[in-house]
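In: Build the 3D model from these lines:
(one chain, ligands or ions: 1)
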Amino acid sequence: MAKNENLGFDSLLIHGGMGVDPMGSATVPIYQTSTFAFENVDEGAKCFAGESNGFIYTRIGNPTISALEKQVAILENGYGGIATASGMGAVSSIYMAFLQSGDHIVSTDAVYGPSRVIMETYFKRFGVESTYLNTADLNAIKAAIKPNTKMLYLETPTNPTMALTDIKAASEIAHQHNLVVVVDNTFCSPYLQRPLDLGADVVFHSMTKFLNGHADIVAGIIVTKTQELYKIVRPAMVNMGCNMDPHQAYMVLRGIKTLSIRIDRAQENAMKVADYLEKHPKVEWVKYPGLKSHPQYELAQKQMKGPGAMISFELKGGLKAGKVLMDNVKLALLAVSLGGVETLIQHPASMTHSKMTPDARLKANITDGLVRFSVGIENVEDIIADLDQALAKI
Ligand SMILES: Cc1ncc(COP(=O)(O)O)c(C=O)c1O
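Out: This next block holds a predicted model:
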């Protein structure tokens, strides 16, 4: 499937998903069709039997979507990509593909809220048990693994607490117990972190975020390390109808081309914003993997190509002060999501993580005063000036 073309990462962003288009199109065309006509009955039968690469029906596969799947599989250094309608479509497909009644999963506590909510509601209803813990603590992972544990599900850095898990070490532990290791790589993108190279089996993204990067599409993708895993996940996605639309795929293919230059700029801005916040007298603490004060600064240096563009912080005065800040920013949008060209600010306890119980939030260090900041690619002076005027109102 995905072949590792001998090009640098930036070149792969431009050329990785491209085949040769018969009409000479410089971009991947949008095959906006639900179904594909067969030459004859035998040809149709071959497609259904998997003896031909022909397309059948867009829920099963489509040339525009395939180009994107190939592109991201190459970037993640995996076997094959499986595009989904959303990041949550990717999470659901992964859970469905690997888990059954009586199984147990071990997962990072501060994961994206709905990834945990669907496990603790729907999958629990189907008899899947889960343990959520701080996966930065490798001993805690070891202690939580039971005979019926099937999956280690990691998010690193965590959303929104910016804690890191050592993917290599955690994967080694998990593989001693034959677990499948899944990593949500949304916060990094393959530009900053490649979980499959570090030992994970399955990586996925909300492509709504950095991979698309322009806050105009909701999309997801799964990449498996091996063909065997691909054959487990792909039918789960197809049969549950979590597929992407061809136009969505076109939009992400377009956004992906500038991934590295967008992240370079956002990350440069984020470093300056984190420095500014850390020195500000009204700020209680800042979590950013690029700061030496981050408890896992060394792991970030080892595991990630750069610290990324996500910052979390808390003000002295907690939630009350945070509300004044969030209600007074003018350049940053008060909005959920992340990883776009625009700077966003949000309050996880009342927004993205509001469906978790207050107790589970506190155990996962998602305090009521925590503010999440996704740094965009605007002029950094403007981002800091905006924070400055809003902080002055507290
Ligand atoms: C880390 C992470 N994983 C998964 C998701 C879910 O993705 P989507 O909103 O595209 O369904 C999100 C969305 O915010 C996220 O931040």
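
In: tell me the domain ranges of this protein?
Out: The chain breaks down into these domains under automatic domain parsing: 9-256, 259-392.

In: can you tell which of those is closest to the ligand?
Out: Closest of the domains of the chain to the ligand is domain 9-256, at 2.2 Å (criterion: CB to the nearest ligand atom). Where you see a C-beta, it was placed from the backbone N, CA and C, and this is true even at glycine.

In: Ends of that closest one, what's the gap?
Out: Domain 9-256 has an end-to-end distance of 11 Å (CA to CA, to the nearest Å).

In: so does that domain get close to the ligand?
Out: Yes - applying CB under 6 Å from any ligand atom, one finds domain 9-256 in contact with the ligand at 86-88, 112, 115, 155, 159, 184, 186-187, 206, 208, 218, 220.

In: Quick test: name the residue nearest the centre of the protein.
Out: The structure's the chain has its C-alpha centroid closest to T186; by CA atoms, centre = their mean the separation is 1.8 Å.

In: List the contacts of the closest residue in space to it that isn't next to it in sequence.
Out: With CB to CB, 6 or more residues apart in numbering as the criterion, T186 has its nearest non-adjacent residue at 4.6 Å, and that residue is S206. Counting by CB atoms under 8 Å, 6 or more residues apart in numbering, S206 makes contact with 86-88, 90, 112, 184, 186, 219-220.

In: Redo these as a markdown table? Include distance to H104.
Out: Below are these laid out as a markdown table (distance: CB to CB, whole Å):
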| residue | distance to H104 |
| --- | --- |
| S86 | 26 |
| G87 | 23 |
| M88 | 22 |
| A90 | 21 |
| Y112 | 20 |
| D184 | 19 |
| T186 | 24 |
| A219 | 30 |
| G220 | 25 |
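
In: Which ones among those lie within helices?
Out: Using DSSP state H, the members of those that fall within helices are 87-88, 90.

In: any idea of the mean pLDDT for stretch 340-358?
Out: Stretch 340-358 shows a mean pLDDT of 91 in the predicted model.

In: Repeat that for stretch 149-159.
Out: On average, stretch 149-159 scores 96.

In: In PDB, please show the C-alpha coordinates belonging to it.
Out: Written as PDB, here are the backbone C-alpha positions of stretch 149-159 (Å, rounded to 0.1, in the frame of the first residue of the first chain):
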ATOM      1  CA  THR A 149      -6.800  -6.200  28.700                       C
ATOM      2  CA  LYS A 150      -6.700  -5.800  24.900                       C
ATOM      3  CA  MET A 151      -5.700  -2.300  24.200                       C
ATOM      4  CA  LEU A 152      -3.400   0.500  25.500                       C
ATOM      5  CA  TYR A 153      -4.900   3.800  24.300                       C
ATOM      6  CA  LEU A 154      -2.600   6.800  24.600                       C
ATOM      7  CA  GLU A 155      -2.900  10.500  23.900                       C
ATOM      8  CA  THR A 156       0.300  12.400  24.100                       C
ATOM      9  CA  PRO A 157       0.500  15.300  24.800                       C
ATOM     10  CA  THR A 158      -2.700  15.000  26.600                       C
ATOM     11  CA  ASN A 159      -5.700  17.200  25.900                       C
END
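
In: For the stretch 51-200 of the chain, just list every one of the helices.
Out: For the stretch 51-200 of the chain, the helices defined by DSSP state H, counting those that start in this stretch cover 63-75, 87-98, 113-118, 124-125, 138-144, 167-176, 189-192.

In: chain center to the fourth one, what's the gap?
Out: Same thing as helix 124-125. Centroid separation for helix 124-125 versus its chain: 24 Å, with CA atoms, centre = their mean, to the nearest Å.

In: List the contacts of the spatially closest residue to A174 that is not a sequence neighbour.
Out: Leaving out its chain neighbours, the residue that sits closest to A174 by CB to CB, 6+ apart is L152, at 4.0 Å. By CB under 8 Å, 6+ apart, the residues touching L152 are 105-107, 135, 141, 170-171, 173-174, 179-182.

In: okay, those in a markdown table with pLDDT and neighbour count next?
Out: Below are the contacts of L152 laid out as a markdown table (pLDDT from 0 to 100; neighbours: other CB atoms under 10 Å):
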| residue | pLDDT | neighbour count |
| --- | --- | --- |
| I105 | 98 | 24 |
| V106 | 98 | 28 |
| S107 | 98 | 23 |
| T135 | 97 | 27 |
| I141 | 98 | 27 |
| A170 | 98 | 27 |
| S171 | 98 | 22 |
| I173 | 98 | 19 |
| A174 | 98 | 25 |
| L179 | 98 | 23 |
| V180 | 98 | 23 |
| V181 | 98 | 24 |
| V182 | 98 | 27 |
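
In: coming back round to it: just grab the bridge partners of the residue nearest to A174 for me.
Out: V106, V181 (DSSP bridges).

In: sorry, back to before: now the helices of the stretch 51-200 of the chain in CSV, with distance to P289?
Out: Putting these into CSV (distance: least, CB to CB, whole Å) gives the following:
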stretch, distance to P289
helix 63-75, 21
helix 87-98, 21
helix 113-118, 21
helix 124-125, 32
helix 138-144, 18
helix 167-176, 14
helix 189-192, 10
